[in-house]
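> 3D model of this:
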Amino acid sequence: MLRAEVRSATLDALCILAEGSRVFANQCLDFLVDMFNDEIDVVRLNAVQVLQSIVRHIRLQEDQLDEILHALKVS
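Numbers count the residues shown, from 1 in each chain. I've put the predicted structure just below:
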């Protein structure tokens, strides 16, 4: 469980930083998309919430969107 807490806290920090910087938001997108495939539900949910918070700063690539959609179908 500790690892899930670390990943979730990382997502929280990423969200705070990404909300303040469009450049950072786009740089962390690959990591954020990877979190959609996490085995822990809470981490995946947190990734969805972070994406929702920074959506005005980012532009998803087609492969990133495909990976998110696939992860949501599987969940």
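> So Asn37: helix, strand or coil?
coil (DSSP: H, G, I helix; E, B strand; the rest coil).
> Quick check: phi and psi at it.
When read as degrees, to the nearest 10, the backbone of Asn37 gives phi -100, psi 10.
> now it, nearest residue through space, not along the chain?
In this structure, Asn37 finds its nearest non-sequential neighbour in Ala71, 5.2 Å apart by C-beta to C-beta, 6 or more residues apart in numbering. Where C-beta positions appear, they are placed from N, C-alpha and C, glycine not excepted.
> ok, how many other residues are close to Ile54?
23 (other C-beta atoms under 10 Å).
> Phe24 too?
Phe24 has 15 nearby residues by other C-beta under 10 Å.
> name the element it belongs to?
helix 22-27 (DSSP states H and E).
> separation between the nearest residue to Leu17 once chain neighbours are set aside and Glu67?
Take Leu17 and drop its neighbours on the chain: the residue closest to it by C-beta to C-beta, 6+ apart is Phe24, 5.4 Å away. Separation of Phe24 from Glu67 (C-beta to C-beta, to the nearest Å) stands at 20 Å.
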